[in-house]
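Engineer: Predicted model and sequence below, questions to follow.
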Amino acid sequence: MKPARLAALAGAVLVAWVVVFAGEYSTFDWLTMRRQLAEEHAAVQELRVVLDSLNRLAHDLETNPAAQERAARERFGVIRNGEILYRLVPRSEATRSSRP
């Protein structure tokens with residue numbers, strides 16, 4: 001092989017190595033950034049779904065009396081006249097260990 005061809009081949013190999021491995025914007029860095037971008041897009045989409053459901057819940061709590069009653073019952077234990085409220089409280093570890 002002639003020296004000029006050998007030098008050209010070595011130069012081509014060097015350029016290919018630099019493109020794939022070296023530098024701040026190598027092919028591996030580019031692939032990593034594409035993967036991270038796809039993950040971030042998925043995370044943003046999940047957050048949009050959560051935000052949408054929270055907005056619907058907030059709207060229901062502001063405008064729907066049935067939703068307001070359900071929230072008051074679940075969160076604060078509100079009951080109607082004539083109803084009896086039963087609360088099941090799990091035993092704590094201290095109470096369990098003190099009993100035989």
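Structural biologist: Noted; the coordinates are in hand. Keep in mind it's a predicted model, so treat the numbers as computed, not measured. Numbering: from 1, shown residues only.
Engineer: Let's check: the centremost residue of this structure is which one?
Structural biologist: Ala43 (5.0 Å; Cα atoms, centre = their mean).
Engineer: secondary structure element for that residue?
Structural biologist: Assigned by DSSP states H and E, Ala43 belongs to helix 27-63.
Engineer: counting contacts, what elements does that helix pack onto?
Structural biologist: Helices and strands touching helix 27-63, by 3 or more Cβ pairs under 8 Å, 6 or more residues apart in numbering; DSSP states H and E, are helix 3-21, helix 65-76. In this view, the C-beta of every residue, glycine as well, is placed from N, C-alpha and C.
Engineer: and the longest one, how far out from the chain's middle?
Structural biologist: Distance of helix 3-21 from its chain centroid, counting by Cα atoms, centre = their mean, to the nearest Å, is 44 Å.
Engineer: where does this structure have low pLDDT?
Structural biologist: Along the chain, the model assigns pLDDT under 70 to residues 1, 23, 94-100.
Engineer: can you do 80?
Structural biologist: Across the chain, residues meeting the criterion (pLDDT under 80) sit at 1, 16-27, 87, 93-100.
Engineer: got the buried residues for stretch 63-70?
Structural biologist: The neighbour-count check on stretch 63-70 (16 or more other Cβ atoms under 10 Å) flags Ala67 as buried.
Engineer: Format the helices and strands packed on helix 27-63 as CSV; extra columns: distance to Arg35.
Structural biologist: Compiled in CSV, the helices and strands packed on helix 27-63 are given as follows (distance: least, Cβ to Cβ, whole Å):
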stretch, distance to Arg35
helix 3-21, 17
helix 65-76, 41
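Engineer: that older thread, what residues are up against the residue nearest to the centre of the chain?
Structural biologist: Under the criterion of Cβ atoms under 8 Å, 6 or more residues apart in numbering, Ala43 has no contact partners.
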